[in-house]
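Participant: structure of the sequence below:
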Amino acid sequence: MLVSVSRSPSLAAVLPGLFFCAAVAIIAQLVERLQLMMFGAHWIESLVPAILIGIAVRSSIRLPQTFTPGIHFAAKTLLEIAVVLLGASLSTAAIRQAGLPLVGGIAVLVALSLAGSFLLGRLLGLSTGLATLVACGNSICGNSAIAAAAPVIGAKPEDIAASIAFTALLGVGAVLALPLLHLVLGLSTVQYGVFAGLTAYAVPQVLAATASAGAVSTQVGTLVKLIRVMMLGPVILVLGAVHRRPPGGSAVNLRHLLPWFILGFAAMAALRSFDAIPAPLLAGMSALSAAFTVTAMAALGLSVDVRSITRAGGRVLAAAALSLLALAALGFCLMGLLDIG
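Facilitator: Alright, predicted model coming up:
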């Protein structure tokens, strides 16, 4: 029996496509900065333009074959490195400040939201991978959770692009709707902060949604959101176990159960929790993780056939919208159970 050996491409083979992905990522970041200059805030993170620009380029021109190794490297390896660096941004300090009841409640909410969102996606006809990505994006931290979960479950590029595109669209809608809900429902500043932290996808979105409600609401919302983000680690570990389990119940190789980047993510989070990472390095690691993630998203866009997204669009949007409504309902239930006033 012949065994084919997969060799990693050389640096020279990777560089053309990698530089092209980086160029798309830079344009996406300029789009984000343009929003800051014009409106004082960015409603759409650079991850979304990176994917959309990549898809537009892929759909309009034929890319040279020399770009392929670099695009594949950015979409996989660079994304895995970004996930490892993301672990350095997580710390248990937020848990100690919030108290166990709220932390436990958020953990249960995330678990219920993941299960409910996944089932909704499957009922609407989404593939297992796409339903998982939508569930992770809605339940934890939007684009970052999708980007972290994608390599663990071996998601297809078109599924990643579709889930990020439509989850981001709803995220912007949620930011615009949350201040209106604050007024209509008559929530206190603390209640509104908790609710915004439980429903908004990203920390910048929480800041944007709570800015009009005052500093207390912003601080509470950010704390709740950070606790939600910290659920990413356990969820990624569980996904790794589920998707790496071999059929037939045979023994599981630890290397297959926990890929290197999941172990790296956990190690970074542990080091951060013990203050073992020098403070000057944290900002640089966070910036590098963000840059690698945007570049990886550009690569994913450059890997996607736009027709695949079009076919799945309506179902993805419906699944994400229903999941967001379910998350909002769970958030109200949690506030009631914890008697947050």
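Participant: residues near residue 216, how many?
Facilitator: 14 (other Cβ atoms under 10 Å). Every residue, glycine included, has its C-beta placed from N, CA and C.
Participant: report the secondary structure state of residue 304.
Facilitator: Per DSSP: H, G, I helix; E, B strand; the rest coil, the secondary structure class of residue 304 is coil.
Participant: just list the residues touching it, thanks.
Facilitator: With contacts taken as Cβ atoms under 8 Å, 6 or more residues apart in numbering, residue 304 has the following neighbours: 51, 54-55, 58, 157-158, 161.
Participant: switch those over to a markdown table; also include distance to residue 240.
Facilitator: Output for the contacts of residue 304, formatted as a markdown table (distance: Cβ to Cβ, whole Å):
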| residue | distance to residue 240 |
| --- | --- |
| 51 | 24 |
| 54 | 27 |
| 55 | 28 |
| 58 | 29 |
| 157 | 20 |
| 158 | 22 |
| 161 | 22 |
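Participant: which pair of those spans the longest distance?
Facilitator: 54 and 158 (11.8 Å; Cβ to Cβ).
Participant: so between those two, which is more surrounded?
Facilitator: Higher neighbour count among residue 54 and residue 158: residue 54, with 28 against 20, using other Cβ under 10 Å.
Participant: which SSE is that one in?
Facilitator: helix 47-60 (DSSP states H and E).
Participant: now do stretch 59-69, average pLDDT.
Facilitator: Regarding stretch 59-69, the rounded mean pLDDT is 90.
Participant: and what of stretch 187-203?
Facilitator: 85.
Participant: next, the buried residues of that stretch.
Facilitator: By 16 or more other Cβ atoms under 10 Å, the buried positions in stretch 187-203 come out as 187, 189-203.
Participant: nearest to residue 9 among these?
Facilitator: For these, the nearest to residue 9 is residue 202 (33.2 Å; Cβ to Cβ).
Participant: how about the helix holding residue 54: buried residues?
Facilitator: 47-55, 57-58.
Participant: kindly report the same for stretch 58-75.
Facilitator: Quick answer for stretch 58-75 (16+ other Cβ under 10 Å): 58, 67-75.
Participant: and that stretch, how far out from the chain middle?
Facilitator: 23 Å (Cα atoms, centre = their mean, to the nearest Å).
Participant: repeat that for stretch 10-27.
Facilitator: 23 Å.
Participant: what's the answer for stretch 223-230, then?
Facilitator: Its chain's average C-alpha position is 13 Å from that of stretch 223-230, according to Cα atoms, centre = their mean.
Participant: could you point out which element follows the worst-scoring helix or strand of the chain on mean pLDDT?
Facilitator: Every helix and strand in the chain was compared by mean pLDDT, DSSP states H and E; the lowest is helix 254-257, with a mean of 46. Where DSSP H and E defines the elements, the next helix or strand beyond helix 254-257 is helix 260-273.
Participant: just the buried residues of that following helix, please?
Facilitator: Within helix 260-273, the residues that qualify as buried are 261-266, 268-269, 272, counting by 16+ other Cβ under 10 Å.
Participant: helices and strands around that helix, which ones?
Facilitator: Counting contacts by 3 or more Cβ pairs under 8 Å, 6 or more residues apart in numbering; DSSP states H and E, helix 260-273 is packed against helix 79-86, helix 142-153, helix 232-244.
Participant: quick check: angle from the longest one to helix 142-153?
Facilitator: Just to be clear, that refers to helix 232-244. Here helix 232-244 points in a direction 30 degrees away from that of helix 142-153 (axes from the mean of the first three to the mean of the last three Cα atoms, to 10 degrees).
Participant: dump helix 232-244 to CSV, restricted to CA.
Facilitator: What follows is helix 232-244, C-alpha atoms only, in CSV (Å, rounded to 0.1, in the frame of the first residue of the first chain):
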residue,chain,number,x,y,z
LEU,A,232,-14.6,30.2,24.9
GLY,A,233,-11.8,28.1,26.4
PRO,A,234,-14.0,25.3,27.9
VAL,A,235,-16.2,25.3,24.8
ILE,A,236,-13.2,24.9,22.5
LEU,A,237,-11.9,22.0,24.6
VAL,A,238,-15.3,20.3,24.4
LEU,A,239,-15.5,20.8,20.7
GLY,A,240,-12.0,19.4,20.3
ALA,A,241,-13.0,16.3,22.2
VAL,A,242,-16.2,15.8,20.3
HIS,A,243,-14.8,16.3,16.8
ARG,A,244,-11.6,14.4,17.4
